[in-house]
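> Sharing a model that was predicted from the sequence below.
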Amino acid sequence: MRSAQPSDPRVPLDGPLNFRDLGGYHTQNGQRLRQAMMYRSDDLAQLAHEDITRLTPLGLRTVIDLRSDEEVKRRGHFPVDRYPHRVDYYHLPLVEDVIGVRGVGVDDQVYLDSRYQYLLDGGSSAIAEAFHIFACPQRYPLVFHCVAGKDRTGVVSALLLAMLGVPDATIASDYQLTDRATREWMDRLAQQHPEERAVIDDVPSILFTANPQTILRLLSNLRARSGSIEAWLLGLGVTHEELDSIRGILLEAIV
């Protein structure tokens with residue numbers, strides 16, 4: 001199943017390095033995600049003045065911030081006061097303990113897999129609230145983001161794409177697109193926030209790579225546990241009607 005997206009679908013910005021349109025992906029039943037409706041990103045508190053001008057034509061109506069309370073307090077949030085029209089801002093922190101602690105002797109990949117499972121379990125209420133918002137047509141165009149746009153954003157993106165019927169291979173490729181932005185983000189962090197980069201250097205490096213197998217295992221494990229991505233979301237309180245609404249908003253026939 002091919003994707004209609006270019007190899008690097010990022011919107012070029014001076015601040016965020018991983019702002020991109022999720023539209024264009026094909027589903028297994030022959031539909032396609034509408035473009036210019038749903039975006040994923042890294043930290044939107046980093047928007048430069050020129051970036052506001054670049055984003056204005058997108059007509060964003062909603063920003064969902066998946067970062068922790070501490071990250072928002074330290075970095076700020078999407079500048080709703082500087083945007084030329086109303087944007088609704090929702091702070092839905094998935095978890096507060098973003099990095100966690102790796103046990104002695106624990107394999108790096110096992111550690112990362114456990115962190116992703118923790119994002120699902122600890123962030124289930126925030127994920128459910130995000131899908132409630134996704135189901136509202138008046139919330140679009142919409143963007144959701146975290147700090148690097150890889151883990152928390154990657155998990156929500158994978159759940160959404162899987163629920164919409166996008167093949168796992170395409171979901172994994174979309175996840176892996178973050179690698180380039182993460183390398184650029186790490187270089188910038190070393191220059192602008194060396195104290196934060198020093199902390200990161202003590203964290204397993206696998207946390208800063210987008211290995212497609214990581215997201216594939218997450219989806220596989222979730223299906224093994226719940227039967228399907230849709231069933232898991234329904235178990236969180238997302239309704240059939242809401243899932244149908246999301247499909248109606250985001251999917252279109254391929255002409």
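That came through, no problem.

> Count the neighbours of the closest residue in space to V95 that isn't next to it in sequence for me.
Once flanking residues are discounted, V95 sits nearest to G122: 4.4 Å by C-beta to C-beta, 6 or more residues apart in numbering. No exception for glycine: its C-beta is placed from N, CA and C like everyone else's. Close neighbours of G122, defined as other C-beta atoms under 10 Å, add up to 16.

> try L189
By other C-beta under 10 Å, the residues close to L189 number 18.

> Got the confidence number for the residue nearest to V95?
You'll see G122 listed with a pLDDT of 94.

> how much space between it and H240?
Applying C-beta to C-beta, to the nearest Å, the value for G122 to H240 is 25 Å.

> hmm, back to that, please look at the residue nearest to V95 and P93 and confirm they touch.
No. Counting by C-beta atoms under 8 Å, G122 does not reach P93; the two are 9.7 Å apart.

> any idea which helix or strand carries K73?
helix 69-75 (DSSP states H and E).

> Give me the sheet partners of the next helix or strand after that helix and which way each runs.
Remark: after helix 69-75, the chain's next helix or strand is strand 88-91, criterion DSSP H and E. Strand 88-91 pairs in its sheet with strand 62-65 (parallel), by DSSP bridges.

> For stretch 81-93, measure first residue to last.
Between the start and the finish of stretch 81-93 there is a gap of 21 Å, counting by C-alpha to C-alpha, to the nearest Å.

> can you check stretch 192-206 too?
Stretch 192-206: ends 22 Å apart by C-alpha to C-alpha.

> Please work out the average pLDDT along it.
The model assigns stretch 192-206 a mean pLDDT of 72.

> Please apply the same query to stretch 166-185.
On average, stretch 166-185 scores 92.

> Contacts for that stretch next, please.
The set of residues external to stretch 166-185 that reach it, using C-beta atoms under 8 Å, 6 or more residues apart in numbering, is 1, 3, 5, 8-10, 17-18, 20, 22, 25-28, 33, 42, 148-150, 154, 157-158, 161-162, 208-216, 219.

> Take those residues and keep only those in helices.
Residues of those located in helices (DSSP state H): G154, S157, A158, L161, A162, P212, Q213, T214, I215, L216, L219.

> Return the member of those residues nearest to A231.
A162 (11.7 Å; C-beta to C-beta).

> residue contacts, that closest one?
D168, I171, L219, I229.

> run the last query once more with 7 Å
A162 is in contact with I171, L219, I229, counting by C-beta atoms under 7 Å, 6 or more residues apart in numbering.

> Out of those residues, grab the one that's most surrounded.
That'd be I171 among the contacts of A162, by other C-beta under 10 Å, with 24 neighbours.

> how near is M186 to S41?
On the measure of C-beta to C-beta, M186 and S41 end up 17 Å apart.

> Compare those two (neighbour count), which wins?
Shown here are M186 and S41; by other C-beta under 10 Å, S41 has more neighbours (27 against 15).

> Could you report the pLDDT at V106?
68.

> so how far is stretch 139-157 off the chain centroid?
From the chain centre to the centre of stretch 139-157 is a distance of 3 Å (C-alpha atoms, centre = their mean, to the nearest Å).
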